[in-house]
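>>> take this sequence and fold it.
(one chain, ligands or ions: 2)
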Amino acid sequence: MNKICLLAGPSYETIAECRVLQALGVDAVGMSTLPEVIVARHCGLQFFGISVTTNRVVMSYDNHEKANHKKALHISVVRAEALQKLVTRLLGKVGENTNPL
Ligand SMILES: O=P(O)(O)O[C@H]1O[C@H](CO)[C@@H](O)[C@H]1O
Ligand SMILES: Nc1nc2[nH]cnc2c(=O)[nH]1
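Ligands and ions are numbered 1, 2, ... in the order given. This is a model prediction of the structure:
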């Protein structure tokens, strides 16, 4: 099972933080998806969470790239159509499998 860690930001993780998270067995990090999950569970809601992985974290001090919001937004735009198709297919399946009231 993969593990996602909530790091609320707004800053992105440092290389040292990413290395600690990897050592702890974390596979992905996020800022806002997990708080939404926590609120949904608190409200007793059934939910299906989908999150788009937008960027790799930087693990090496030789790598001068930096994770940033602009990159995250760019990938979310690039992947939006695929996500729309996935959600449409999922909702179609829900429609097939729900009893009429
Ligand atoms: O990490 P997740 O939960 O996808 O959300 C975060 O991803 C972007 C990081 O810039 C922001 O939109 C923030 O909401
Ligand atoms: N904490 C965190 N959340 C993100 N959401 C999108 N990219 C990132 C990231 O690199 N770190």
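
>>> rest of the way, CA atoms for contacts and neighbours
Noted.

>>> ligand 1 contacts on the protein?
Contact residues (CA under 6 Å from any ligand atom) of the chain with ligand 1: 30, 31, 32, 33, 69, 72.

>>> for residue 29, grab phi and psi.
The phi/psi pair for residue 29 (degrees, to the nearest 10) reads phi -130, psi 150.

>>> spatially, what comes nearest to it if we skip its sequence neighbours?
Nearest residue to residue 29 in three dimensions, chain neighbours excluded: residue 5, at 4.7 Å (CA to CA, 6 or more residues apart in numbering).

>>> would you check that the one you found makes contact with residue 26?
Yes. Residue 5 is within contact range of residue 26, at 6.5 Å (criterion: CA atoms under 8 Å).

>>> list the buried residues of the one helix or strand in the chain whose mean pLDDT sits lowest.
When each helix and strand of the chain is scored by mean pLDDT, DSSP states H and E, helix 80-96 comes last, with a mean of 92. Across helix 80-96, burial judged by 16 or more other CA atoms under 10 Å covers residue 83.

>>> just the CA coordinates of it, formatted as CSV?
This file holds the C-alpha atoms of helix 80-96, laid out as CSV (Å, rounded to 0.1, in the frame of the first residue of the first chain):
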residue,chain,number,x,y,z
ALA,A,80,-7.5,17.8,-16.5
GLU,A,81,-9.0,16.1,-19.6
ALA,A,82,-7.9,12.6,-18.5
LEU,A,83,-9.2,13.3,-15.0
GLN,A,84,-12.6,14.5,-16.5
LYS,A,85,-12.8,11.2,-18.5
LEU,A,86,-12.0,9.1,-15.4
VAL,A,87,-14.6,10.9,-13.3
THR,A,88,-17.2,10.6,-16.0
ARG,A,89,-16.6,6.9,-16.3
LEU,A,90,-16.7,6.5,-12.5
LEU,A,91,-20.0,8.4,-12.2
GLY,A,92,-21.5,6.3,-15.0
LYS,A,93,-20.6,3.2,-13.0
VAL,A,94,-22.1,4.7,-9.9
GLY,A,95,-25.3,5.3,-11.8
GLU,A,96,-25.4,1.7,-12.9
